[in-house]
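Engineer: no sequence for this one, just the structure:
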């Protein structure tokens, strides 16, 4: 088959001197979706911009549809559909006006245009929202409109930059369906994503990490060597986190994760599976073979799994168990004008529990979080942390909690060490205790080589480590983590969860938000949040049980989320109707 | 060619819809101009009338009384009279008086002896402009008093040269008449530079520029698509300001509409060029706003000759004003309002503005390649 894109020996360095891509060689063929996969900072956006001719390579050559991006960018742009990460929509223009603008810019007029509008509005489900301003669409609808704008004139190459990140699972599924319907022999699609599970759905994958192309080819090529090495430990009794920690300490186990009530383990190459009895997981436990995942392969490419014990939790004494709730949200509501960001959010978290808020961007996770930290005053309702009301005693409440914000919230111009020194001061540590706390964090998170680097210039993984370190300096008994692992590679995600698991074993209470379904599996309980409402609160398996049926004996958490979302919409309609 | 025109139309239309839907653009384009006009029309006046002056009358002779009466009758002063200068000096210290005139005890005696007499003036130098006014007005009152006195006593030589002042263009010396045209210059500078810089930077921030660049739109079309709407918006704001100035504030307009249109067009080209240049260099709204304020608005305010006269600036600053587009606009507008179509001056200003515009566009075109860096 003819290739649409050929990339040969491409290098790209940003003006600041940061290397974005090194020696990338790849081809992209029509008739299929090519996944461009990797963590944040891997070079995905840079590669897409190079393909669109918006950037030129420092070295190497890119040919798209027989055109050289260097010399024939103008002609190329007529054959291209490009959807940048920030949609590229005009928020103060209506859905129709946005479509019209792109139609005019691409020279689609008259009957051709009417036909295109009809087709795209129906296809994206935006027909009822034609007159709505783009800025007032939900995240999922914005992505669909962005996609429709890129498809006004059917392109030969469609470049999509993270179309599904942070989008609710129903919209995500619809976006996939929309793009899959489009693909034919005259169209090549590049879909960039940080979700590794999406890689498995692509016909072909380009796996990028830190500017290097780790793999190019069908995803199955990568997962095949792991066939037979992925095991599910089921029906276990005892503490899952301790069993996992012990398992990860065994030489034959390379990688492991909590999966609801089960554990998922990956064996090292050529290692024999352990005897179930050795895992000390209770008499009923059994090992079952599971299909390998793309993420397992990525972890193997990166050189192995997480540490078995958390250095952060090691030195910490077990806190005396407290009866009652450590964190309580009681009908927390927050309005911004007409918009209700959080509506009567209630839950209570026991000491030593990991509680997850799972939902798409804009669902109200961060708003709820900020109200529970005392950063945002609720319109109504109340929140309590460690027994202190956030309205009446915010100081006492905050001294018990460590907060890691979603966005990078350290001082970018201060070095790593200066940030640690500053935050230890802020938390009121002095003298020997302060020095000790800072030293402990440096050892725990291996910050030694980066102490003098300004926080802004740290690699993403180290930024997140430093942020967690700063939140843990005063040894809080409650830890609030707002999307701690968004965009980092799976090794760092595993490391974070090892810390969280270790801390919880010592009695720390953790509230965490995420839009990664597999991370939600680590939690004791999850609240599913959508459009400011808690739709369901349960254990991961409890949620799956709610949608288990004879047609679907083993539902995933994502399937459960979608099903529960649809049920709650039906209920609402019945109430309204 | 037809394709290109359609793309341009689409971009211009989009821009207008955005301006009308975006409260901050509306604020800058319509509310701010009105605010400035009213501020300069009603609030700010550079005329010094009824300056508070203390007159310490220590002499009881007839000439002293007549001089004090001359000051009290002057329209420029609001006189507070006292026998004791210390009372008045305290008022001066407290800032309630701008100056104190002391007519000493021996004033009448000295005049009768033919010595002319001495009068002391103390002025508050902490406000230099006012102090200058106090000095000049006090001198003037003294001069005319002397003249009248001289005629009456016939001690002055007859037939000496006499100064007959006549103020051209603004006979009442109404500062509003020169301030309002200046304010219109600032309004155009804001719309041209600030608004343009902001809207382009916003496209970068929201990622819409990236999406546009991946379409067949050329860089020239992008620039013209930004120019046309804000050019029209600027002319609209000028027309509105003109109406307010002439109808509400009764500022005379002695020039022709054609000359005004030519002048404002030349200026808008330069100001838009400056705004576009700023936004190609600064791709976020905050930096673009700062740069536009510092390089566009402040010079238009301080260095255009609108408030501070250019002739009285130090030489290096005077040279600097030559590259400030607003300088040429304010000068032309004041001429158009108060004098009329003085083509040699207007023509020269228009040429300089077009030259500045060409420089800004040249730099912008060189810096804006249709790429992301």
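Structural biologist: Looks like it arrived, so ask away. Since the model is a prediction, treat every value here as computed from it, not as a measurement.

Engineer: start to end distance for stretch A:205-220?
Structural biologist: 10 Å (C-alpha to C-alpha, to the nearest Å).

Engineer: low-confidence ranges in the chain?
Structural biologist: The chain I'm using is chain A. Residue ranges of chain A with pLDDT under 70: A:1, A:321, A:575-577.

Engineer: my bad, the chain I had in mind was chain B
Structural biologist: For chain B, the ranges with pLDDT under 70 are B:43-49, B:153-173, B:369-373.

Engineer: residue of it closest to chain A, please.
Structural biologist: In chain B, the residue that lies nearest chain A is residue B:211 (2.5 Å; C-beta to the nearest C-beta). In this view, the C-beta of every residue, glycine as well, is placed from N, C-alpha and C.

Engineer: let's verify the residue nearest to that residue when sequence neighbours are not counted: helix, strand, or coil?
Structural biologist: Computed as C-beta to C-beta, 6 or more residues apart in numbering or on different chains, the closest residue to residue B:211 that is not its neighbour in sequence is residue A:88, at 2.5 Å. Here residue A:88 is coil, with the state taken from DSSP: H, G, I helix; E, B strand; the rest coil.

Engineer: does residue 7 sit in a helix, a strand or a coil?
Structural biologist: Here I'm looking at chain A. Per three-state DSSP, residue A:7 ends up strand.

Engineer: actually it's chain B I care about, not the one you picked
Structural biologist: Look at residue B:7: counting by three-state DSSP, its state is helix.

Engineer: how much space separates it from residue A:105?
Structural biologist: As judged by C-beta to C-beta, to the nearest Å, residue B:7 and residue A:105 stand 5 Å apart.

Engineer: which residues do those two both contact?
Structural biologist: Listed as contacting both residue B:7 and residue A:105 by C-beta atoms under 8 Å, 6 or more residues apart in numbering or on different chains are B:216-217.

Engineer: those two: who's more crowded?
Structural biologist: Under the criterion of other C-beta atoms under 10 Å in any protein chain shown, the comparison of residue B:7 against residue A:105 puts residue A:105 first, with 25 against 22.

Engineer: ok, now how distant is the nearest residue to that one once chain neighbours are set aside from residue A:179?
Structural biologist: What sits nearest to residue A:105 in space, not counting adjacent residues and going by C-beta to C-beta, 6+ apart, is residue B:215, at 4.6 Å. Going from residue B:215 to residue A:179 by C-beta to C-beta gives 20 Å.

Engineer: the two: which is more packed in?
Structural biologist: Taking other C-beta under 10 Å, residue B:215 and residue A:179 do not tie; residue B:215 has more neighbours (24 against 19).

Engineer: go ahead and confirm that one touches residue A:104.
Structural biologist: No. Using C-beta atoms under 8 Å, residue B:215 is not in contact with residue A:104; the gap is 9.8 Å.

Engineer: return the set of buried residues in stretch B:316-331.
Structural biologist: Within stretch B:316-331, the residues that qualify as buried are B:321, B:324-331, counting by 16 or more other C-beta atoms under 10 Å in any protein chain shown.

Engineer: scratch that, stretch A:528-544
Structural biologist: Neighbour-count burial for stretch A:528-544 flags A:528-538, A:540-541, A:543-544 (criterion: 16+ other C-beta under 10 Å).

Engineer: thinking again about what came up before, so who does the residue nearest to residue B:211 touch?
Structural biologist: A:82, A:146, A:149, B:207-208, B:210-212.

Engineer: among these, which are located in helices?
Structural biologist: Judged by DSSP state H, these include A:146, A:149, B:208, B:210-212 as members of helices.

Engineer: mind putting these into a markdown table with neighbour count and distance to residue A:68?
Structural biologist: As requested, the ones in helices among the contacts of residue A:88 are exported to a markdown table (neighbours: other C-beta atoms under 10 Å in any protein chain shown; distance: C-beta to C-beta, whole Å):
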| residue | neighbour count | distance to residue A:68 |
| --- | --- | --- |
| A:146 | 28 | 27 |
| A:149 | 28 | 26 |
| B:208 | 22 | 27 |
| B:210 | 23 | 21 |
| B:211 | 24 | 23 |
| B:212 | 21 | 22 |
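
Engineer: quick one, strands of chain B?
Structural biologist: When secondary structure is read from DSSP state E, chain B shows strands at B:51-57, B:77-82, B:99-103, B:120-123.

Engineer: output those strands as a markdown table; include the columns distance to residue A:468.
Structural biologist: Formatted as a markdown table, these follow (distance: least, C-beta to C-beta, whole Å):
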| stretch | distance to residue A:468 |
| --- | --- |
| strand B:51-57 | 68 |
| strand B:77-82 | 71 |
| strand B:99-103 | 69 |
| strand B:120-123 | 68 |
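
Engineer: flag every residue of chain A that's near chain B.
Structural biologist: Contacts of chain A with chain B, taken as C-beta under 8 Å from any C-beta of the partner chain, map to A:15, A:49, A:52-56, A:73-74, A:77-78, A:80, A:82-93, A:97, A:100-102, A:104-107, A:109, A:133, A:146, A:149, A:159.

Engineer: how near is whichever residue of the stretch 201-350 of chain A sits closest to chain B to residue B:206?
Structural biologist: Closest residue of the stretch 201-350 of chain A to chain B, C-beta to the nearest C-beta: residue A:337 (13.9 Å). Distance check for residue A:337 against residue B:206: by C-beta to C-beta, it reads 21 Å.

Engineer: quick one, which of the two is more surrounded?
Structural biologist: residue B:206 (19 against 5).

Engineer: surely the more buried one and residue A:85 touch.
Structural biologist: No. Using C-beta under 8 Å, residue B:206 is not in contact with residue A:85, being 11.2 Å away.

Engineer: which other residues reach the helix ranked longest in chain A?
Structural biologist: Scanning chain A for the helix with the most residues, using DSSP H, yields helix A:557-576. Applying C-beta under 8 Å, 6+ apart, the external contacts of helix A:557-576 come out as A:168-170, A:173, A:260, A:358, A:517-518, A:520-521, A:528, A:530, A:533, A:535-536, A:540, A:543-544, A:546-547, A:552, A:555.

Engineer: tell me which parts of chain B are close to chain A?
Structural biologist: So far as C-beta under 8 Å from any C-beta goes, chain B lies against chain A at B:3, B:6-7, B:9-11, B:14, B:17-18, B:21-22, B:206-208, B:210-218, B:370-373.

Engineer: break chain B into its domains for me.
Structural biologist: B:2-44+B:174-367, B:51-153 (automatic domain parsing).

Engineer: still on that earlier bit, just how off-centre is the longest helix of chain A within its chain?
Structural biologist: 23 Å (C-alpha atoms, centre = their mean, to the nearest Å).

Engineer: now do the buried residues in that helix.
Structural biologist: Buried residues in helix A:557-576, counting neighbours by 16+ other C-beta under 10 Å, are found at A:557-565, A:568.

Engineer: now stretch A:2-19
Structural biologist: Along stretch A:2-19, these residues count as buried under the neighbour rule (16+ other C-beta under 10 Å): A:3-5, A:7, A:10, A:12-13.

Engineer: repeat for stretch B:345-362
Structural biologist: Buried-residue list, stretch B:345-362, by 16+ other C-beta under 10 Å: B:346, B:349-350, B:352-353, B:356-357, B:360-361.

Engineer: over to stretch B:267-280?
Structural biologist: Those would be B:267-280, for stretch B:267-280 by 16+ other C-beta under 10 Å.

Engineer: still on that earlier bit, what's the farthest-apart pair in the buried residues of stretch B:316-331?
Structural biologist: The two members of those with the most space between them (C-beta to C-beta) are B:321 and B:329, at 12.2 Å.
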